[in-house]
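> Could you look at this predicted model? Sequence included:
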Amino acid sequence: MPSPQLKLWNTILAIDPGTSKIGYALLDSNQNAIEKGIIRDLSKLDDAVRDIIKKFKPEIIVIGNGTGSDGICERIKPVARGLQIVVVDESGTTEEARKRYWSKIKPGIRTFKMIAYILGLIKIELDDEVAVGIGLRYLNLKESA
């Protein structure tokens, strides 16, 4: 009989830092995004992170090393309630997020949406999908260690 897999975490909070908005995602032990979003008003970052922590009780916070990561780390430390904050390399996560985003859209709709995007008729924000990628990057690093 195979031995059961050891579950190393319940939920992690992954953050895609930025200077004007921040993407976040909560990943469960099966590496599924159970919640994700974009914080557009950075003056409310502390409250938003506090609420996310209170609601989902993540065991670790993972932040991409991109633009503004140092400042974001310092800002959320007081509300992190002693949670470990880990910074990971986020290179390539935007392209990965773009691929995940387009792969989730039905083929017929995808064509029209891509045309609208190329023509500049719609804007696609990927900050939350990038946060998913940052979380997955961390989890993959943990598994390979």
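Received the coordinates, thanks.
> who's in contact with the residue most central in space within the chain?
In the chain, the centroid-proximal residue (CA atoms, centre = their mean) is Ala131; its distance is 1.8 Å. Ala131 makes contact with Ala14, Ile15, Asp16, Gly23, Tyr24, Ala25, Lys36, Gly64, according to CB atoms under 8 Å, 6 or more residues apart in numbering. Backbone N, C-alpha and C define where each C-beta goes, glycine included.
> Work out for me the element it sits within.
Taking DSSP states H and E as the criterion, Ala131 maps to helix 127-144.
> Quick one: distance of that helix to the chain centre.
Here helix 127-144 is found 7 Å from its chain centre; the criterion is CA atoms, centre = their mean, to the nearest Å.
> ok, now stretch 12-25?
Counting by CA atoms, centre = their mean, stretch 12-25 comes out at 6 Å from the chain centroid.
> Endpoint to endpoint, it covers what distance?
By CA to CA, to the nearest Å, the extent of stretch 12-25 from end to end equals 8 Å.
> Ok, stretch 39-46 next?
The straight-line separation of the ends of stretch 39-46 (CA to CA) is 10 Å.
> ok, which stretches of this protein are strands?
11-16, 22-28, 33-39, 60-64, 84-88 (DSSP state E).
> among these, which is the most enclosed?
Mean neighbour count (mean count of other CB atoms under 10 Å) peaks for strand 11-16 among the strands of the chain, with a mean of 27.
> Give me the residue ranges of this structure where confidence is low.
1-9, 143-145 (pLDDT under 70).
> let's see 80
Residue ranges of the chain with pLDDT under 80: 1-9, 141-145.
> Stretch 113-121: which residues count as buried?
Of the residues in stretch 113-121, those buried by neighbour count under the rule 16 or more other CB atoms under 10 Å are Lys113.
> Stretch 97-114 now?
Buried residues in stretch 97-114 (16+ other CB under 10 Å): Ala97, Arg100, Tyr101, Lys113.
> re the thing from before, can I get the strands of the chain in TSV with distance to Ala48?
Listed next are those as TSV, based on distance: least, CB to CB, whole Å:
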stretch	distance to Ala48
strand 11-16	10
strand 22-28	8
strand 33-39	5
strand 60-64	13
strand 84-88	16
